[in-house]
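Colleague: no FASTA, just this:
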Ligand SMILES: NC(=O)C1=CN([C@@H]2O[C@H](COP(=O)(O)OP(=O)(O)OC[C@H]3O[C@@H](n4cnc5c(N)ncnc54)[C@H](O)[C@@H]3O)[C@@H](O)[C@H]2O)C=CC1
Ligand SMILES: O=C(O)[C@H]1O[C@H](OP(=O)(O)OP(=O)(O)OC[C@H]2O[C@@H](n3ccc(=O)[nH]c3=O)[C@H](O)[C@@H]2O)[C@H](O)[C@@H](O)[C@@H]1O
């Protein structure tokens, strides 16, 4: 089957960049990204591609090249579905906040809505691709909805999870470690798999395109995220032991990372991992394991989350303890709010939880992040429902200039590893602060020796 029209439901962090790259690499395919969120679509269509709703290095250039040529952003969901041969579902699958599985299971209501809409609208055979991260065996539910509520047309369901990381989405999409496609082993299933393989083969070599059955593909995505997050919790667990014993976690990470069986990536101790997916996907994995009665499996993976929550709390406790057991009315400056550098995404960022703890201790928080707005910071805090919006508003100051943010501070906490923080004039910052001047480097990015020689009391993670 020759693919000429693709639709993607969900113009978020995955749908937007993924489809932009498909459109860039496949000029012969018309790619339409649809979303219910009118503002988001309006922003994707902003004439100035610097204003698109997602900040990702290299993304605005890709959008500038393809948009209007073969890449379109629209709110007309039904038309895009009806026109397309392949429909990617790339909507959010957050942790459930109600009912059975609350706080653990993935909320699949957006996925089900998509399936029902595809079934209602489709007048020709379609390939439906799960791009969202889903619990294993979701394809079964999607198939049941499509087959029972559709117009008699044929649907093939593929699982094609996305492995991009934010901040490096474009390079990850252009040079993926692998593309994973799960589908049925029937002749129709194989045709569908081949059609999607051919799309990716426009820029990815075939030996990197892995095909499996649907359940392996769905479960591989949850497994990959669980393994990645587990490495961070493992090194973070060692970071506390390092602090007690005089070992240095960066040296330990380097030493173990040189073992080719362990590998050097994803061993950076930190204030704790954030992002929209690690926690959600592991909780989901734990829930699935429990639902099959696999309690030991569930407990094993849950520990990754418990360790991560502990690491965030440990960081805020350390600030309070070090500042003579009180931060009441003290100015604590956060450099960084995003969950990692090179993104404006703040979902589950450690900064939110550290700020919340410190506000409970009546600290005054000043925040500078090069890509995150005051509104976003306040809405992240309000979402926790720890206190009223007006109390959050009073407790947090935000700055467009980092030097201003640091002026008069009792302590600086590094929450995101933005490159610019390393290059600052730390002497100038020191001179403008209250003394003693404390730095809590939640990312171990600053030069500890240099800061100590300036006069800072420097605290890193795991040393
Ligand atoms: N953010 C990331 O880096 C990665 C996310 N994923 C997975 O991809 C999925 C999407 O994640 P994000 O893009 O981050 O989410 P997002 O929240 O940024 O975007 C989802 C979009 O879907 C739209 N939407 C929801 N229901 C809809 C419907 N019925 N019709 C039309 N639009 C609808 C929402 O308005 C929203 O704009 C999740 O399952 C996530 O786990 C996978 C890999 C990486
Ligand atoms: O499913 C997803 O959403 C994605 O989740 C992660 O990507 P992402 O969350 O965007 O970013 P990561 O680079 O994985 O970082 C996650 C968090 O871990 C932290 N981290 C990462 C690496 C490390 O060594 N130490 C560490 O604390 C980061 O600062 C960040 O807060 C995975 O890396 C992607 O492969 C996956 O597609």
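Modeller: On my side now, so go ahead. Computed from a predicted structure; not experimentally measured. Numbering: from 1, shown residues only. Ligands and ions are numbered 1, 2, ... in the order given.
Colleague: is stretch 448-463 up against ligand 2 anywhere?
Modeller: No: Stretch 448-463 does not reach ligand 2 (C-beta under 6 Å from any ligand atom); its nearest approach is 9.3 Å. Where C-beta positions appear, they are placed from N, C-alpha and C, glycine not excepted.
Colleague: can you mark which positions in that stretch are buried?
Modeller: 448, 451, 454, 456, 458, 459, 460, 461, 462, 463 (16 or more other C-beta atoms under 10 Å).
Colleague: in the chain, which residue sits nearest ligand 1?
Modeller: residue 12 (1.9 Å; C-beta to the nearest ligand atom).
Colleague: sec struct for that residue, please.
Modeller: coil (DSSP: H, G, I helix; E, B strand; the rest coil).
Colleague: is ligand 2 within reach of stretch 14-26?
Modeller: No: using C-beta under 6 Å from any ligand atom, stretch 14-26 stays clear of ligand 2, coming no nearer than 7.6 Å.
Colleague: list the contacts of that stretch.
Modeller: Residues from elsewhere that reach stretch 14-26 (C-beta atoms under 8 Å, 6 or more residues apart in numbering): 6, 8-9, 29, 31, 33, 35, 44, 52-54, 56, 59, 62-63, 65-67, 69-71, 88, 90-91, 131-132, 162, 164, 169-170, 173-174, 199, 202-203.
Colleague: mind listing what residue 439 touches?
Modeller: 411, 412, 413, 414, 446, 451, 456, 457, 458, 459.
Colleague: dihedrals phi and psi, the second one?
Modeller: If I follow you right, that is residue 412. phi -120, psi 130 (degrees, to the nearest 10).
Colleague: what's the burial count for it?
Modeller: 29 (other C-beta atoms under 10 Å).
Colleague: next, work out how far apart it and residue 250 are.
Modeller: 20 Å (C-beta to C-beta, to the nearest Å).
Colleague: and residue 349, by the same measure?
Modeller: From residue 349 to residue 250 the distance is 22 Å (C-beta to C-beta).
Colleague: excluding chain neighbours, what is closest to residue 145?
Modeller: In space, not counting the residues next to it along the chain, residue 145 is nearest to residue 115; the distance is 4.2 Å by C-beta to C-beta, 6 or more residues apart in numbering.
Colleague: helix, strand, or coil at the one you found?
Modeller: Classified using three-state DSSP, residue 115 is helix.
Colleague: touching, it and residue 147? I think so.
Modeller: No: using C-beta atoms under 8 Å, residue 115 is not in contact with residue 147; the gap is 10.2 Å.
Colleague: show me which of these two is the more surrounded one.
Modeller: residue 115 (25 against 14).
Colleague: spit out the contact partners of the more buried one.
Modeller: 89, 128, 141, 142, 145, 146.
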